[in-house]
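Visitor: This is the structure alone, sequence omitted:
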């Protein structure tokens, strides 16, 4: 029953941007049935980094990823806490996919950031990024609000495995 408990999210103390919405992740290899998970997310900035909380459609906690100056931590209800030097390294360790999650802080605001290896950049008529490639991931931003894109699609093929992550942002505060 503890795995179904949903902790009360910490109150924001005016630190920075917060974005909430829905996510859907789907992965499939040629000879396997697709694997999928969907739910809600809450991403927010802290004094020292950012936090990404994932929950099921019914509100049960799936995972919480915390990034700060000392690295990244992952907490899930059914496994010991994990730490790594970066969120990208931690996520690859946890799910086996090299998702460039360290860039999320920039992406969720519609920015490319200072990461290297960004190619194929496309912008809309007002100069906002709409599409690019980074670390073998094709990323598209759609439907901007004043704080960034409200729809993001990230797709990759890694070791003959197709992975697609969709984010729909429906709430944003600062």
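Guide: Here it is on my side, so go on. None of the values given here were measured: they were computed from a predicted structure.

Visitor: and residue 95, how many neighbours?
Guide: Neighbours of residue 95 under the rule other Cβ atoms under 10 Å: 16. All C-beta spots, glycine's among them, are computed from the backbone N, C-alpha and C.

Visitor: List the residues that contact it.
Guide: For residue 95, the contact set (Cβ atoms under 8 Å, 6 or more residues apart in numbering) is empty.

Visitor: so how far is residue 160 from it?
Guide: 16 Å (Cβ to Cβ, to the nearest Å).

Visitor: swap in residue 42?
Guide: Taken as Cβ to Cβ, the span from residue 42 to residue 160 is 33 Å.

Visitor: The two: which has the busier surroundings?
Guide: Using other Cβ under 10 Å, the more surrounded residue of residue 42 and residue 160 is residue 42, with 16 against 9.

Visitor: Which helix or strand contains the more buried one?
Guide: strand 35-45 (DSSP states H and E).

Visitor: Within its sheet, name the partner strands of the next helix or strand after that strand and how each one runs.
Guide: Downstream of strand 35-45, the first helix or strand assigned by DSSP H and E is strand 50-55. Sheet pairing of strand 50-55 (DSSP bridges) gives strand 35-45 (antiparallel), strand 61-68 (antiparallel).

Visitor: all helices of the protein, in order?
Guide: 87-95, 104-107 (DSSP state H).

Visitor: winner for burial among those?
Guide: helix 104-107 (a mean of 20; mean count of other Cβ atoms under 10 Å).
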